[in-house]
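Undergrad: here's my sequence, what's the structure:
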Amino acid sequence: MKLVIKIAAGMIFGVVALVIAIGAMAGHAVDHATKKLGIPSERVVMNVDRYGNTSSGSIPLALAEAQAEGRLQAGSLVLMTGMGAGLTWGSALMRWTLEASA
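TA: Modelled structure (predicted):
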């Protein structure tokens, strides 16, 4: 079972265009996780260095930045993950459908 999950995860991470991680997760945790999963750093979007920890606003801000920079294309898979106070966390994988703005 572990092997099946690892293979499935590898296939998913191989096609994920961007990983959006909230500000509270910045630094070593995200670096370690993306390296372990084989996700290149250029596919990770974090904005804590520019805005600080904006809590629940971090993911929408990062999505808006990524789209403005042309890093999101229609059909791209985007993995969003966030962690709050204590042990609260959540992740979602979505397919981006909005066309990049010119």
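
Undergrad: wait, S91 sits on L79?
TA: Yes. Between S91 and L79 there is a contact under CB atoms under 8 Å: 6.7 Å. Yep, even glycine has a C-beta here, placed from its N, CA and C like the rest.

Undergrad: can you tell me the element A92 falls in?
TA: Per DSSP states H and E, A92 falls inside strand 89-95.

Undergrad: picking up where we left off before, the more surrounded of S91 and L79?
TA: L79 (20 against 12; other CB atoms under 10 Å).

Undergrad: isn't M94 up against S76?
TA: No. Applying CB under 8 Å, one finds M94 not in contact with S76, separated by 9.4 Å.

Undergrad: so between the two, which is more surrounded?
TA: Neighbour totals were compared for M94 and S76, and S76 leads with 17 against 12 (other CB under 10 Å).

Undergrad: quick one, grab the pLDDT at that one.
TA: pLDDT, S76: 86.

Undergrad: that one and A17, how far apart?
TA: 4 Å (CB to CB, to the nearest Å).

Undergrad: do a quick rundown of the helices in the protein.
TA: In the chain, the segments counted as helices under DSSP state H are 2-15, 28-37, 48-51, 58-68.

Undergrad: the ones you listed: lowest mean pLDDT?
TA: Looking at the helices of the chain, the weakest mean confidence is helix 2-15, a mean of 56.

Undergrad: returning to what we had before: any shared contact partners between S76 and A17?
TA: W96 (CB atoms under 8 Å, 6 or more residues apart in numbering).

Undergrad: look up how far L77 lies from G38.
TA: From G38 to L77 the distance is 15 Å (CB to CB).

Undergrad: if you count neighbours, what's buried in stretch 41-48?
TA: Neighbour-count burial for stretch 41-48 flags V44, V45, M46, N47, V48 (criterion: 16 or more other CB atoms under 10 Å).

Undergrad: can you give me phi and psi for the fourth one?
TA: Spelled out, that is N47. phi -130, psi 10 (degrees, to the nearest 10).

Undergrad: thanks a lot, catch you later.
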